[in-house]
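Asks: What follows is a protein structure lacking sequence information:
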């Protein structure tokens, strides 16, 4: 999508024409004539090049109007929370789109902006915009560069134009090395002076001897985790004030990244309350290896009660970020850290772990471990109904077995055929429906409305038929009590979904049959819950949090028995499969080999309160699916939930 408009030039309007030339006098010598002709040709070609360049740089009034209309569309989409419309106006570049979620850009794009100048260079258009500095609006207006491309009669915002920036220059300074584009060469002295002053101020009492620093003034919004390296966007992207100096936004970011590189860090990191004690031991080990970083662990509320207000004072947290938090600019994009950190080798992470940590081709969570639940079956209940239960069933076969088991004379003590206190079975059923509908690739994309509605209809039918109980009204502690009451001796449930943590407890009560969740053999339909940590975008110490998360990725999962580490090297180091009970190895291997990570934009699916509305007839499956599939954009919708 872009803005379509007529892009034609009336050649009669163009004042350019090659200058008339007098006939040169006849040369006395033959070589002189050729010299004059060559010079004339050179001048003619030069004149044509200058003329074409001049024509290319001419600004059609319709182009200026189109850019203004474009700015109004962007602003309206940003203010109204219409992310799909906003990004339909942008280049399809994941890094650029991610950069637009940064608060410094969201704020600028939502504010009033004025077009100061335009230059057209072929299909590329360079635009100088004026607006308030997001970091300090009262400081006055700043200018920013914006880039557009016209092609096929449509205008579209682009990330950049390399021709604008020119080559990269290297400037050696007393404090280290400054890398910047030729376009920013006029800012080099001022930026260097700011860096020197910031280093002197930051290191007055804590740095000791200051190692050389490399600072890149970049033509994009990327960052880096490379040692001794600071990378900040050009002032032409973050703003130049009325006196031609880098804006407050630029100066603040530059100083923050220098401080992170040169001074000790204290980070506050949230973990589930039940894991608080376990992480204290890991913190001591980490701080011993990283003497410049102090980690303060804080307990998070239970997932059902968690809101962004519980996190907005932390530097990071051990949980998957809500996509609405990402679109509100509250979560740091970790892609550049991963690309520049030598410890983050892509081949040392399972594809499942990375799939569960990405959204729209960017990394928003550092994956630490993966969990796959299993289908546990009471072997005695199956035997009483004349069934073996040896072969893994699909959903239809499981339903037939459960109906037969519940009606068997020897199973009068059974209350239900199936219990799932979480959402794994709903995800598994929906994934199977989606994979049945199309090719294997459909298993990887986000769950669609048809698959979600099918899973909800299945759940409603099983509850209404008495195969499964309604557990939507149970709080977390009540769910634990429910499991203890009905999965202990004597069991009143035939089969249930459970993580592998409690295998020994269950098998000591009565014989078990263990299978992966029902699904299509050889297709990625087993839901895998990827756990990890994210970094708050407003953290002043993102690199310290990243170092902490990378350390956690190399250790055994804390208080998560039988969770599979995200890194194959750690799986091998801790002898994961050697320590897994033999009866669980085949089901778990099958679950992970046929696994499909629950995506970040699916984590809000199947909440208990909405399932209760479905069972009570207060909402239809279609209404719930439509609501879950909607994403809140730019903090306008559900960021505070």
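Replies: Received it, and whenever you're ready, just let me know what you need. Remember, predicted model here, so these are calculated numbers, not experimental data.
Asks: Please make it C-alpha for all contacts and neighbour counts, starting now.
Replies: Will do.
Asks: got a list of what the residue nearest to residue 384 when sequence neighbours are not counted touches?
Replies: Distances taken as CA to CA, 6 or more residues apart in numbering place residue 410 nearest to residue 384, at 5.7 Å, with adjacent residues excluded. For residue 410, the contacting residues are 381, 384-385, by CA atoms under 8 Å, 6 or more residues apart in numbering.
Asks: Buried ones among the residues you listed?
Replies: 381, 385 (16 or more other CA atoms under 10 Å).
Asks: ok, of the contacts of residue 410, which one's closest to residue 118?
Replies: residue 381 (76.8 Å; CA to CA).
Asks: avg pLDDT for stretch 76-90?
Replies: Averaged across stretch 76-90, pLDDT comes to 95.
Asks: Ok, stretch 197-206 next?
Replies: Mean predicted lDDT for stretch 197-206 stands at 84.
Asks: What pLDDT is listed against residue 450?
Replies: With respect to pLDDT, residue 450 has a value of 95.
Asks: Outside of the strand or helix carrying it itself, list whatever touches it.
Replies: For residue 450, the enclosing helix or strand under DSSP states H and E is helix 449-464. Helix 449-464 has contacts (CA under 8 Å, 6+ apart) with 426-427, 429-431, 433-434, 468-470, 614-615, 621-622, 625-626, 629.
Asks: let's see it at 7 Å
Replies: 426, 429-431, 433-434, 468-470, 615, 621-622, 625-626 (CA atoms under 7 Å, 6 or more residues apart in numbering).
Asks: List buried residues within the residues you listed.
Replies: Going by neighbour count (16+ other CA under 10 Å), those have 426, 429-431, 433-434, 468-470, 615, 621, 625 buried.
Asks: Can you pick out the ones from those that are in helices?
Replies: Counting by DSSP state H, the part of those found in helices is 426, 429-431, 433-434, 615, 621, 625.
Asks: which of those sit farthest apart?
Replies: 434 and 615 (23.0 Å).
Asks: Among the contacts of residue 410, which ones are in helices?
Replies: 381, 384.
Asks: center of this structure - which residue?
Replies: residue 364 (3.4 Å; CA atoms, centre = their mean).
Asks: part of a strand, is residue 312?
Replies: No. Counting by DSSP: H, G, I helix; E, B strand; the rest coil, residue 312 falls outside a strand, being coil.
Asks: Quick check: it vs residue 331, distance?
Replies: Counting by CA to CA, to the nearest Å, the gap from residue 312 to residue 331 is 10 Å.
Asks: ok, the two, which is more surrounded?
Replies: The residue with more neighbours, out of residue 312 and residue 331, is residue 331; 24 against 14, by other CA atoms under 10 Å.
Asks: Do I have it right that that one meets residue 535?
Replies: Yes. Counting by CA atoms under 7 Å, residue 331 does reach residue 535; the two are 6.1 Å apart.
Asks: Of the ones in helices among the buried ones among the contacts of helix 449-464, which is the nearest to residue 278?
Replies: residue 426 (31.3 Å).
Asks: so who does the closest one touch?
Replies: By CA under 7 Å, 6+ apart, the neighbours of residue 426 are residue 455.
Asks: Make residue 1 into 48 and carry on from there
Replies: Let's use 48 as the start, then, which means that last one is residue 473.
Asks: Show the residue spans covered by the strands in the stretch 198-347 of the chain.
Replies: 201-205, 215-220, 223-228, 260-265, 276-280, 312-319, 340-347 (DSSP state E, counting those that start in this stretch).
Asks: Pipe the ones you listed into CSV and attach mean pLDDT, mean neighbour count and distance to residue 150 per row.
Replies: What follows is the strands of the stretch 198-347 of the chain, written out as CSV (pLDDT from 0 to 100; neighbours: other CA atoms under 10 Å; distance: least, CA to CA, whole Å):
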stretch, mean pLDDT, mean neighbour count, distance to residue 150
strand 201-205, 91, 21, 18
strand 215-220, 97, 14, 28
strand 223-228, 97, 20, 24
strand 260-265, 97, 22, 18
strand 276-280, 98, 20, 14
strand 312-319, 97, 19, 21
strand 340-347, 97, 18, 25
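Asks: Out of the ones you listed, which gets nearest to residue 573?
Replies: strand 312-319 (25.0 Å).
Asks: returning to what we had before: CSV for the contacts of residue 457, including distance to residue 211 and pLDDT?
Replies: Formatted as CSV, the contacts of residue 457 follow (distance: CA to CA, whole Å; pLDDT from 0 to 100):
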residue, distance to residue 211, pLDDT
428, 73, 92
431, 78, 93
432, 76, 93
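Asks: okay if I get the contacts of residue 457 as CSV plus distance to residue 444?
Replies: CSV is the format used below for the contacts of residue 457 (distance: CA to CA, whole Å):
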residue, distance to residue 444
428, 16
431, 17
432, 14
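Asks: I'd like to know which of the contacts of residue 457 is nearest to residue 566.
Replies: Once CA to CA is applied, the member of these that ends up nearest residue 566 is residue 428, at 22.4 Å.
Asks: isn't the closest one right next to residue 541, touching?
Replies: Yes. Counting by CA under 7 Å, residue 541 is a contact partner of residue 428 at 6.3 Å.
Asks: if I look at the residue nearest to the centre of the chain, how far off is residue 206?
Replies: Distance, residue 411 to residue 206, by CA to CA: 20 Å.
Asks: And for residue 181?
Replies: 20 Å.
Asks: and residue 674, what element?
Replies: With DSSP H and E as criterion, residue 674 is part of helix 668-676.
Asks: Can you report phi and psi for residue 583?
Replies: Phi and psi for residue 583, reported as degrees, to the nearest 10, are phi -70, psi 130.
Asks: mind listing what it touches?
Replies: Taking CA under 7 Å, 6+ apart as the test, what residue 583 contacts is 362-363, 377-379.
Asks: same thing but at 8 Å, please
Replies: Per CA under 8 Å, 6+ apart, neighbours of residue 583: 359, 361-363, 377-379, 589.
Asks: mind listing what the closest residue to it other than its chain neighbours touches?
Replies: Excluding the flanking residues, the one nearest residue 583 by CA to CA, 6+ apart is residue 378, at 4.7 Å. Applying CA under 8 Å, 6+ apart, we find residue 378 in contact with 368, 372, 411, 581-585.
Asks: for residue 577, same thing?
Replies: 399-400, 403-404, 414-418, 644-645.
Asks: Counting neighbours, which of the residues you listed comes out on top?
Replies: residue 414 (31 neighbours).
Asks: circling back: so which of the strands of the stretch 198-347 of the chain gets nearest residue 392?
Replies: strand 276-280 (19.4 Å).
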